[in-house]
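Asks: the following block contains a protein sequence and its predicted model.
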Amino acid sequence: MKEAMDILRITPIFENLEERDLSRIAACGVRKAYRKSDLILMEEETGSVLFVIISGKVKVVRIGEDGREIILSIMGSGEVFGEMALLDGESRSASVIALEDSDLFMIHGKDFVSLLHEYPAISVSLLKQLTQRLRKADALIKSLSLKDAFHRIGYVLLQFAEERGKIRQGRVEIEDLPVQQEIANMAGTTRETVSRTLTKMEKMKLIDVKNNNVSILNYDVFREKFS
């Protein structure tokens with residue numbers, strides 16, 4: 001219960017609620033553990049649950065006509081998914097797969113809808129989150145349709161920098177970057193192209209790569225080049 005409340009407290013759609021309200025929400029949900037590569041949600045299935053990530057990471061994916069996996073986003077602790085199908089009654093728009101061992105907190109759809117009616121602040125926060133996702137999706141569509149692989153990969157790195165990067169004197173440190181195949185699936189290219197592109201970016205003094213950590217050496221220059 002305590003860990004669930006700690007996560008709810010920093011989850012954007014719940015962060016404005018009082019402790020007693022968070023306690024009530026925590027009591028109406030259940031926790032479930034998933035192992036790496038487990039399928040959590042399947043595209044086109046009926047939605048009945050809202051998920052809050054307590055720990056771990058998941059990827060939101062769709063499968064292209066050629067059978068290739070396309071990663072729409074990667075989500076981590078404190079983020080929520082599954083809300084769209086609860087709001088419009090339609091089937092799931094994408095699949096969700098555990099990128100690593102993950103612990104999730106689940107709220108049944110009927111309970112979540114009741115919370116929206118009882119706590120308008122949740123509805124407002126949820127609208128903000130959905131708007132942010134829509135803007136991000138629009139930017140991703142533009143990037144995939146108008147730019148070459150080099151710029152698409154740069155755009156993906158830029159998104160990771162903005163979402164989880166740590167800024168230090170103009171440099172941005174991105175820790176625990178997804179494996180190259182995951183980056184390729186987000187950029188609509190191949191793992192080999194990602195490998196060549198990262199090497200090229202290093203030679204251009206745009207980034208520094210150490211294991212699965214990447215440093216953007218001059219964030220302003222990088223953002224201007226790839227945004």
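Replies: In hand now; what should we look at? Numbers count the residues shown, from 1 in each chain.

Asks: show me where this structure has its strands.
Replies: Using DSSP state E, the strands of the chain run over 30-34, 39-41, 49-55, 58-63, 69-75, 80-81, 95-98, 102-108, 166-168, 171-174, 207-210, 213-216.

Asks: next, the angle strand 69-75 makes with the longest helix along the chain.
Replies: Ranked by number of residues, the top helix in the chain under DSSP state H is helix 120-146. Relative orientation of helix 120-146 versus strand 69-75 (axes from the mean of the first three to the mean of the last three CA atoms, to 10 degrees): 140 degrees.

Asks: look up how far Arg196 lies from Arg223.
Replies: 22 Å (CB to CB, to the nearest Å). No exception for glycine: its C-beta is placed from N, CA and C like everyone else's.

Asks: go on, Glu65?
Replies: 26 Å.

Asks: who has more neighbours, those two?
Replies: Neighbour count, other CB atoms under 10 Å: between Glu65 and Arg196, Arg196 has more, with 14 against 5.

Asks: and for Thr11, the neighbour number?
Replies: Number of residues near Thr11 (other CB under 10 Å) recorded here: 22.

Asks: and it, what are its phi and psi?
Replies: phi -80, psi 120 (degrees, to the nearest 10).

Asks: give the contact list for it.
Replies: Thr11 makes contacts with Val52, Gly78, Glu79, Val80, as judged by CB atoms under 8 Å, 6 or more residues apart in numbering.

Asks: hmm, try it at 7 Å
Replies: Contacts for Thr11 (CB atoms under 7 Å, 6 or more residues apart in numbering) come out as Val52, Gly78, Val80.

Asks: I'd say Ser37 and Glu100 touch.
Replies: No. The pair Ser37 and Glu100 fails to qualify as a contact (CB atoms under 7 Å) at a distance of 9.1 Å.

Asks: of these two, who's got more company?
Replies: Just comparing Ser37 and Glu100: by other CB under 10 Å the higher neighbour count belongs to Glu100, 14 against 10.
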